[in-house]
Each structure stands twice: as C-alpha cells, then as structure tokens.
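1. How does the following fold in three dimensions:
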Amino acid sequence: MTGGASKKMEILFEVLLINIEKEDIESIKKDIEECHKLVDEGADWDKKNKLKIFEGVYCMLIRDFKKASDLFISSIATFTAIELMEFKDFIFYAVVLGLLIQDRKTIKKEIIHCPDILAVNREIPFLKEFSESFYNCDYRLFFQ
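-> Numbers count the residues shown, from 1 in each chain. Alright, predicted model coming up:
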C-alpha cells in the first residue's frame, strides 16, 4: 500500500469490518497491530480514535472485557466508527461493559453522569434506569 498512514488505516478499517463480520480473530488481531504501527507513523486523531473502537470490538470478541470497557469509555466523546455500529449501540456496549468491569467511582463519573450517554437515554429508555439501579444497589429494579 502507498500513501499516508491515515489512508492506509482507512483501507485497514474496511478489511477489519469484513474480518469482524467473519469473526476471523487472527486476522483482526493482525490488522489491529498493523493499525497501531500506522498510528506510530503519524495517523490523524480521527483514525486513532476510530482504532480504539475497532480494538474494543476485538477485545469483546476475545473476552478481554476490561480492555474493551476502557477503550469504549475513552472513546465515547470522540466516536466516529459509524460504519461499524450506530452510536446508540456503541453506548449500550460501553455502559454494559462499564457496569460489569469498572469501579464505582468510574461508573459514576464516566457512565452515570456522562453527557453523551445521557443524550442517548432517549433512544434507549431502559439504559438510564438500568445503570442507575445497578450503581445504587437497587437490585430489585435492576433485575426487572
């Protein structure tokens, strides 16, 4: 491939989409490693942020939920991977993973009080009640 690191990453993102659809874990891992090399060569911020989301999906596939949660939470404000999933779906994954993995302080700051997540609560009505009932230890409401 020729061209700048950002152009190469755009091509790799398309390849990643195909490999994620096929659930080809080894190819996804290889492509993400290549993207990290391109980031080091000077890819723009948009591509760096998009890579976090693709890597988060990869981490979910290999069941590294802690890393997936960290990547998703750090990408909420800069989400641009609309070709991979809709923003509301991304927020759903970020919230569910965050509730399972993160400590209470992080849950409160990064999930319960996050403006981007609060904005999506209109599209996913149960999400706010789900996260707040978990955080507040109201398990009766949480499991309804």
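
2. ok, Asp44 touching Ser6?
-> Yes. Using CB atoms under 8 Å as the test, Asp44 is close enough to Ser6 to be in contact (5.0 Å). Every C-beta, even on glycine, is put in place using the N, C-alpha and C of the backbone.

3. The two: which is more packed in?
-> Set side by side, Asp44 and Ser6 show more neighbours around Ser6, with 17 against 13, by other CB atoms under 10 Å.

4. residue contacts, the more buried one?
-> Contact partners of Ser6, counting by CB atoms under 8 Å, 6 or more residues apart in numbering, are 38, 43-44, 46-47.

5. how far away is it from Phe13?
-> Distance of Ser6 to Phe13, computed by CB to CB, to the nearest Å: 10 Å.

6. hmm, back to that, from the contacts of Ser6, list the buried ones, please.
-> Neighbour-count burial (16 or more other CB atoms under 10 Å) applied to the contacts of Ser6 gives 38, 43, 47.

7. what sits against the second one?
-> If you count contacts by CB under 8 Å, 6+ apart, Ala43 has them with 4-6, 9, 35, 51.

8. Kindly recompute the last result at 7 Å.
-> When contacts are counted by CB atoms under 7 Å, 6 or more residues apart in numbering, Ala43 touches 5-6, 9.
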